[in-house]
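**Student:** Kindly generate the corresponding structure for this input.
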Amino acid sequence: MQPDSAWAYLLPWEFYPAVVLFCGGLAWLYIRGWRRCRHSARPAGYAALVSFLTGLGLVYLVMHTYLDYLAQHMFWIHRVQHLVLHHLGPFLMLLAGPWEVLRAGLPVSARARWLPALARNRPLRLLYRGVQYPLVAPLLFVGLIYFWLLPEVHFGAMLSATRYQLMNWSMLLDGLLFWWLIFDSRPASAVGRLGYGGRIVILSLVVPPQILIGAHMALATESLYPVYNVCGRAWPISPLTDQQIGGLVTWIPSSMMSVLAMLVLLRRWMREREGAPLRQGSVS
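**Tutor:** Below is the predicted model of the structure:
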């Protein structure tokens, strides 16, 4: 089934309240906080605004438009969807250093009560520190990619609405956590802040596994994901071609995101060494 017009591609294939609340709520908070910060001592620039909203918009696009239908019926579109959810969308959102802006967008009561309560919650703090631990974060980042691409796991996820949503949300959440660790813009003296060298090492560690699994799919001589034969493909291309394109998406763009992040970190590192610390809400 194909939409009647180009605009129809932007309409929801299936309405997901959680996606609307997540994307709409974050957009509202960020714009509200950005406007409040414009006249503060540390204003967020237009580049940060564009970066955050572009990343959030891409997340909405692949989760709540006709592209979501295509992702369920074309393997290579599915890989593009996860490239956005796990890499590009969170990359752009966290590149903007949005924490202070989002915090400013909260109502005063939320800032005074909810945030301190969350910060004092010991189980939540331990969980956050665990998943952000430098040895755990890259394993979780790559491990989720491998897990959801296991043929038997992928088969079940694509045939179950609940598992499908769990798969997509887990990729998005992990992407946000990972790129927050990479682009953490707190001062160098902040407790728990990972140094630039450590972040570059993490980025270098996640590249080879992504290349390996992407190359495995792109160079395979047989179809690894028969579930798309069951669901039916949206476009008439062979299963092997569909898989090969999906493998290239996993192989090349995903790896290049890590290289681009390294360049951003090197630039920030050089600026800090020159005595120009990065401010919150900056993309450079």
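**Student:** List the contacts of stretch 153-160.
**Tutor:** The set of residues external to stretch 153-160 that reach it, using C-beta atoms under 8 Å, 6 or more residues apart in numbering, is 72, 147-148, 163-164, 166-167, 225-228, 230-231. The way it works is simple: take the backbone N, C-alpha and C, and place the C-beta from them, glycine included.
**Student:** now do 7 Å
**Tutor:** 72, 147-148, 163-164, 167, 225, 227, 231 (C-beta atoms under 7 Å, 6 or more residues apart in numbering).
**Student:** Only the buried residues of it, if you could.
**Tutor:** Neighbour-count burial for stretch 153-160, counted by 16 or more other C-beta atoms under 10 Å, picks out 154, 157-158.
**Student:** could you dump these to TSV with secondary structure?
**Tutor:** As requested, those are arranged in TSV below (DSSP: H, G, I helix; E, B strand; the rest coil):
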residue	secondary structure
His154	helix
Ala157	helix
Met158	helix
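**Student:** wait, which of the contacts of stretch 153-160 is closest to Tyr30?
**Tutor:** Among those, Met167 lies closest to Tyr30 (C-beta to C-beta), at 26.0 Å.
**Student:** how about the nearest residue to the closest one, chain neighbours excluded?
**Tutor:** Among residues not flanking Met167 along the chain, Ala157 sits closest, at 4.7 Å (C-beta to C-beta, 6 or more residues apart in numbering).
**Student:** Excluding chain neighbours, what is closest to Phe15?
**Tutor:** His64 (7.9 Å).
**Student:** Equivalent analysis for Val249, please.
**Tutor:** Nearest one to Val249, counting by C-beta to C-beta, 6+ apart, is Arg79 at 4.2 Å.
**Student:** re earlier: of the contacts of stretch 153-160, which qualify as buried by neighbour count?
**Tutor:** Buried members of the contacts of stretch 153-160, counted by 16+ other C-beta under 10 Å: 72, 148, 164, 167, 225, 227.
**Student:** Local confidence estimate at Cys231?
**Tutor:** With respect to pLDDT, Cys231 scores 82.
**Student:** tally of neighbours for the closest residue to Tyr228 other than its chain neighbours?
**Tutor:** Closest residue to Tyr228 apart from its sequence neighbours, by C-beta to C-beta, 6+ apart: Phe75 at 5.5 Å. Using other C-beta atoms under 10 Å, the number of residues around Phe75 comes to 27.
**Student:** mind checking the longest helix of this protein?
**Tutor:** In the chain, with assignment by DSSP state H, the single longest helix is helix 239-273.
**Student:** same for that helix, what does it pack against?
**Tutor:** helix 75-83, helix 196-219, helix 227-231 (3 or more C-beta pairs under 7 Å, 6 or more residues apart in numbering; DSSP states H and E).
**Student:** continuing past the first one, what's the next helix or strand?
**Tutor:** Think helix 75-83. Taking DSSP states H and E as the definition, the helix or strand that follows helix 75-83 towards the C-terminus is helix 89-95.
**Student:** what's that following helix packed up against?
**Tutor:** helix 46-63, helix 161-183.
**Student:** ok, then the element right after that helix?
**Tutor:** Reading on from helix 89-95 to the C-terminus, the next helix or strand found by DSSP H and E is helix 99-105.
**Student:** who touches that following helix?
**Tutor:** Contacts of helix 99-105 with the rest of the structure, by C-beta under 7 Å, 6+ apart, involve 29-30, 32-34, 36-37, 44, 111, 280-281.
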